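Asks: Predicted model, plus sequence, below.
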Amino acid sequence: MYRYVLVCALWIGMWTSPTWGQEDLENGESNKVIIKGKEFTIYPPKKLRARGMEVRDVPRDQNAAWVYIDAINAMVDLPEDLQETFDGATAGEWPEGEAGDRLAAWLEQNRTSLDLIRRASVMDEYDMPFFRGDTDAIIAILLPNLSDTRQLAKTLSVEASHLMSQGDADAALECCLTTQRMAYQVGNGKTIIEGLVGNAVGGLAQQGMMRITESGEVSAEILKATIAEMEDLSSFFPSFERMVRAEMQWAESFIDDAIEIPGSFTMLSSGYGTVEGLFPPPAGWSRLAVRLKRLYLPDRTVKKHFKEHYEALINATKKHEDGTVGMVIDEATLFNKIPAWDILSRMMLPSLSRAHELSLRAESNHIRAFLTMAAVAYKTDQGEYPPTLSALVPAYVPSVPADPMTGYDFEYEATSGEKPVVKGLAMVTRENEAELRKKRRTPAILNPRASRWRRYVQSVCDRYELTDAQRASAEAILRDMEARAARYEQVHGAKLQRLIEAGQSAELARRTDPLDKMFKELRQRLVAIPNDKQRASAKRSEAKDSNKEN
């Protein structure tokens, strides 16, 4: 009987056909847009709002998204035989001879497009519209600009390489900064895919920044201005939590589509094929279809499963109080918590563990580029690289954050000699990502433990705005606890390392329990330092921040 109802409901879903008006948008502007010679129809904002989705009203002349579309349309296609040369220049290798001359000429052909990108990157508002696919279903929405956005970013990287070949490092660094601005505009879009594309574009910017900065050819003034803007841009980083919450908003519309929009469930269950307009029936069939679908798809319960799954992902990846990041997501366990009957959730919930890793990589690379520039600025002023990253505070950076890839301090090292270099701040790539991820699983022992404890003490000092005398007390407590932990690690460190390598997590947890108890004692001793006035002030600040988030 169940299978009979399911088949009937799907069949009726195929019989109903959505309608789409060709009306203009609410502000009277046309809903048609040309991108690279192809016409697209804007998904009306009022229909998105009806789905409960947040849509901002940004006039076109104030919206950077439309300027980027103009830049895409102004872009002259790259000749096929220059693709390899283009790729090399994107990575910072400007070609010599005829190939370099031709690539420079192509850049000049795209001067209008490059100027539009620069103009868009400094605009305050960015809100890329969605474009309609074959149906009203939210899953059919198109974002045709994303691949072209990456091409714009690569073109800026090529121009940066060209400027470096001409000895203009300041202008080359400005190209990378333009790319970084664009990355965070795109990355803070309304979908997770925009967040990931923004992070990829940001990676191009950061690679260029580090390469150009380490050349030693950037002026001190431009370098310091770039460091200051990178610090400001860090607050706009498209975090994994933000991307997941955006995905949550879309999920509700996906479920509504499966219930209410004709043919959408059939579309999902047949590889995203479209069934629009097969057998246009009377409107009454649509109402019957919705009622039948609700018999076998209890939408409120399905939405509950979606929400619980996404919240579990967010909680698993949040930074802990001690500064360490969430562990690698165990998605298999999370998926198994969804009841077997909930076919829709099991079929539609995406795997986001890779998106989480890419987000951590992007955030880490932003900080690595930022700290590399600060270290070079320090060397310009002092004649040598800083002995530690802490030496950059506060003259060059306000603070040194932990590495998002590990949750621990960056393993910074500065070498001296004829060609001094900085170690420990290299970009996170596919080659070294696995090794960094492995460190995230390491328990609180040795250097990671010391790093985590020290950051916790710093967070308490900042939270309660401790006086110098109180900070000295906090430091004394930390030294006492570190001495006790060091004695334990000296005796048991080798055994703990063998357990880590063997993957014996249960025994490892038992063996590190004394260290966890020491950390608990550290917290208890620190919390006794602030006075009543400082506690009340911290509580008011936290309440104010909470209200802002809500």
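Replies: Happy to help now that I have it. Numbers count the residues shown, from 1 in each chain.
Asks: quick one, strands of the stretch 301-450 of the chain?
Replies: Ranges of strands within the stretch 301-450 of the chain are 413-414, 422-423, based on DSSP state E, counting those that start in this stretch.
Asks: I'd like those strands as a markdown table, with mean pLDDT and mean neighbour count appended.
Replies: Bear in mind the C-beta positions are built from the backbone N, C-alpha and C, glycine included. Below are the strands of the stretch 301-450 of the chain laid out as a markdown table (pLDDT from 0 to 100; neighbours: other C-beta atoms under 10 Å):
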| stretch | mean pLDDT | mean neighbour count |
| --- | --- | --- |
| strand 413-414 | 82 | 16 |
| strand 422-423 | 78 | 16 |
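Asks: okay, these in JSON lines with distance to Ala374 next?
Replies: Below are these laid out as JSON lines (distance: least, C-beta to C-beta, whole Å):
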{"stretch": "strand 413-414", "distance to Ala374": "12"}
{"stretch": "strand 422-423", "distance to Ala374": "10"}
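Asks: list the helices and strands the lengthiest helix in the chain packs on?
Replies: The longest helix of the chain (DSSP state H) is helix 468-502. When contacts are defined as 3 or more C-beta pairs under 8 Å, 6 or more residues apart in numbering; DSSP states H and E, helix 468-502 packs onto helix 446-464, helix 505-527.
Asks: among the ones you listed, which gets the worst mean confidence?
Replies: Ranked by mean pLDDT, those end with helix 446-464 at the bottom, a mean of 75.
Asks: residue contacts, Arg346?
Replies: Arg346 makes contact with Phe335, Ile338, Ala340, according to C-beta atoms under 8 Å, 6 or more residues apart in numbering.
Asks: hmm, I was thinking of Asp81
Replies: Under the criterion of C-beta under 8 Å, 6+ apart, Asp81 has no neighbours.
Asks: Tell me the pLDDT of the residue lying closest to Val397 once chain neighbours are set aside.
Replies: Nearest residue to Val397 in three dimensions, chain neighbours excluded: Ala374, at 5.0 Å (C-beta to C-beta, 6 or more residues apart in numbering). pLDDT, Ala374: 94.
Asks: roughly how far apart are Ala374 and Lys438?
Replies: 27 Å (C-beta to C-beta, to the nearest Å).
Asks: Those two: which has the busier surroundings?
Replies: Taking neighbours as other C-beta atoms under 10 Å, Ala374 and Lys438 compare with Ala374 leading, 26 against 12.
Asks: wouldn't that one be in contact with Tyr396 here?
Replies: Yes. Taking C-beta atoms under 8 Å as the definition, Ala374 is a contact partner of Tyr396 at 4.2 Å.
Asks: what is in contact with those two at once?
Replies: In contact with both Ala374 and Tyr396: Ile227, using C-beta under 8 Å, 6+ apart.
Asks: quick one, phi psi at Glu39?
Replies: Main-chain dihedrals, Glu39, degrees, to the nearest 10: phi -90, psi 130.
Asks: That one contacts Ser30, doesn't it?
Replies: No. At 10.6 Å, Glu39 and Ser30 do not qualify as touching, with contact defined as C-beta under 8 Å.
Asks: Identify the residue spatially nearest to Ala485, adjacent ones excluded.
Replies: Met518 (5.4 Å).
Asks: again with Lys154
Replies: Nearest residue to Lys154 in three dimensions, chain neighbours excluded: Thr90, at 4.9 Å (C-beta to C-beta, 6+ apart).
Asks: Please give the number of neighbouring residues around the one you found.
Replies: 19.
Asks: got it, and the one 4 residues further on?
Replies: Burial of Trp94, expressed as a neighbour count using other C-beta under 10 Å, amounts to 19.
Asks: And the pLDDT for it?
Replies: pLDDT, Trp94: 97.
Asks: what secondary structure does it sit in?
Replies: With DSSP: H, G, I helix; E, B strand; the rest coil as the basis, Trp94 sits in coil.
Asks: Thr41 touches Phe131, doesn't it?
Replies: Yes. Thr41 is within contact range of Phe131, at 6.3 Å (criterion: C-beta under 8 Å).
Asks: which intervals of the stretch 51-200 of the chain have sub-threshold pLDDT?
Replies: Scanning the stretch 51-200 of the chain for pLDDT under 70 picks out 139.
Asks: circling back: of the contacts of Arg346, grab the buried ones for ChimeraX.
Replies: Here is the ChimeraX selection string for the buried members of the contacts of Arg346, based on 16 or more other C-beta atoms under 10 Å:
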select :338
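Asks: Can you tell me which of the contacts of Arg346 is closest to Gly202?
Replies: Sorting the contacts of Arg346 by distance to Gly202 puts Phe335 at the head of the list, at 30.0 Å, by C-beta to C-beta.
Asks: Quick one: residues contacting the closest one.
Replies: Neighbours of Phe335 in contact, by C-beta under 8 Å, 6+ apart: His309, Arg346, Leu349.
Asks: can you give me phi and psi for the last one?
Replies: Right, Leu349. phi -70, psi 120.
Asks: Could you check the pLDDT of it?
Replies: For Leu349, the predicted pLDDT is 81.
Asks: Now it. Nearest residue, chain neighbours left out?
Replies: That would be His309: by C-beta to C-beta, 6+ apart, it lies 5.7 Å from Leu349.
Asks: Am I right that Met230 is in contact with Thr372?
Replies: No. Judged on C-beta under 8 Å, Met230 makes no contact with Thr372 at a distance of 10.4 Å.
Asks: Are there residues contacting both of the two? Which ones?
Replies: With C-beta under 8 Å, 6+ apart as the test, Met230 and Thr372 both reach Met209.
Asks: how much space is there between Lys544 and Ala538?
Replies: 11 Å.
Asks: Compare the two and say which is more crowded by neighbours.
Replies: Ala538 (16 against 9).
Asks: quick one, what contacts that one?
Replies: Neighbour list for Ala538: Arg463, Tyr464, Glu465, Pro530 [criterion: C-beta under 8 Å, 6+ apart].
Asks: give me that answer again for 7 Å
Replies: Going by C-beta atoms under 7 Å, 6 or more residues apart in numbering, Ala538 touches Arg463, Tyr464.
Asks: State the helix or strand in which it lies.
Replies: helix 532-549 (DSSP states H and E).
Asks: What residues of that helix count as buried?
Replies: Quick answer for helix 532-549 (16+ other C-beta under 10 Å): Gln534, Ala538.
Asks: just the contacts of Arg346 now: which is nearest Val400?
Replies: Phe335 (37.8 Å).
Asks: what about the residue nearest to Val397, distance to Pro129?
Replies: Here the criterion is C-beta to C-beta. By it, Ala374 lies 38 Å from Pro129.
Asks: just to revisit the earlier point, most neighbours per residue, which of the helices and strands packed on helix 468-502?
Replies: Most buried of the helices and strands packed on helix 468-502, by mean neighbour count (mean count of other C-beta atoms under 10 Å): helix 446-464, with a mean of 18.
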